[in-house]
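Asker: Sequence first, then the predicted structure, then my questions.
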Amino acid sequence: MLSSKVCLKADGYTNEGIEASKIKKGDKIVEYDSGSGVGYVVQYPDGKDNSKLKMPDIKPNYEFYVCRPKPAYYTLLPLTLPVDVVILPYTAYKFCTTPPVSH
């Protein structure tokens, strides 16, 4: 639904990969899914002094993606919730009438 997409945009999860060697001091690693080995990196701003900050714990065999949080998107939630309520019956109908996919 629309509200969940706004929340994902506000959380800042992207499909932009980053190599573990490019992770630097001050970056924060958010473990998204420990079962599949996916983590997101919130990068420390360039040009700021990071000499006193510690290096994040980089786990082996993890895939890392860039995370760019945009908390201002949360202000759109009051606008998207009424839209979700209006389209909920249509969404439920499409979900219930779509045949299952067999592999």
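Answerer: Done, it's in.
Asker: Where do the strands of the chain begin and end?
Answerer: Along the chain, the stretches classed as strands by DSSP state E are 13-18, 28-33, 38-42, 63-67.
Asker: which residues touch the first one?
Answerer: It refers to strand 13-18. With C-beta atoms under 8 Å, 6 or more residues apart in numbering as the contact definition, strand 13-18 has outside contacts at 32, 40-41, 63-68. (C-beta placed from N, C-alpha, C; glycine too.)
Asker: Taking those, tell me the two that lie furthest apart.
Answerer: The most widely separated members of the contacts of strand 13-18, counting by C-beta to C-beta, are 63 and 68 (17.1 Å).
Asker: Tabulate the strands of the chain in JSON lines, adding columns for distance to residue 88 and mean neighbour count.
Answerer: JSON lines is the format used below for the strands of the chain (distance: least, C-beta to C-beta, whole Å; neighbours: other C-beta atoms under 10 Å):
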{"stretch": "strand 13-18", "distance to residue 88": "24", "mean neighbour count": "13"}
{"stretch": "strand 28-33", "distance to residue 88": "28", "mean neighbour count": "14"}
{"stretch": "strand 38-42", "distance to residue 88": "30", "mean neighbour count": "19"}
{"stretch": "strand 63-67", "distance to residue 88": "30", "mean neighbour count": "18"}
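Asker: Same list (those) but as CSV, adding mean pLDDT.
Answerer: Formatted as CSV, the strands of the chain follow (pLDDT from 0 to 100):
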stretch, mean pLDDT
strand 13-18, 87
strand 28-33, 77
strand 38-42, 86
strand 63-67, 89
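Asker: so which of the ones you listed comes closest to residue 77?
Answerer: strand 13-18 (17.0 Å).
Asker: neighbouring strands for the closest one, and are they parallel or not?
Answerer: strand 63-67 (antiparallel) (DSSP bridges).
Asker: ok, residues contacting the strand it pairs with?
Answerer: 11-20, 23, 29-30, 32, 37-43.
Asker: Stretch 44-56 too?
Answerer: Outside stretch 44-56, the residues within contact range by C-beta under 8 Å, 6+ apart are 23-29, 41.
Asker: Just the C-alpha atoms of stretch 75-88, please, in PDB.
Answerer: Coordinates of the C-alpha atoms in stretch 75-88 are reproduced here as PDB (Å, rounded to 0.1, in the frame of the first residue of the first chain):
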ATOM      1  CA  THR A  75       5.200  13.800   7.400                       C
ATOM      2  CA  LEU A  76       3.400  12.400   4.300                       C
ATOM      3  CA  LEU A  77       1.800   9.600   6.300                       C
ATOM      4  CA  PRO A  78      -1.300  11.600   7.300                       C
ATOM      5  CA  LEU A  79      -1.900  12.100   3.600                       C
ATOM      6  CA  THR A  80      -1.400   8.500   2.500                       C
ATOM      7  CA  LEU A  81      -3.500   6.800   5.200                       C
ATOM      8  CA  PRO A  82      -6.800   8.000   3.900                       C
ATOM      9  CA  VAL A  83      -5.800   6.900   0.400                       C
ATOM     10  CA  ASP A  84      -5.000   3.500   1.700                       C
ATOM     11  CA  VAL A  85      -8.400   3.200   3.400                       C
ATOM     12  CA  VAL A  86     -10.200   4.100   0.100                       C
ATOM     13  CA  ILE A  87      -8.200   1.600  -2.000                       C
ATOM     14  CA  LEU A  88      -8.200  -1.200   0.600                       C
END
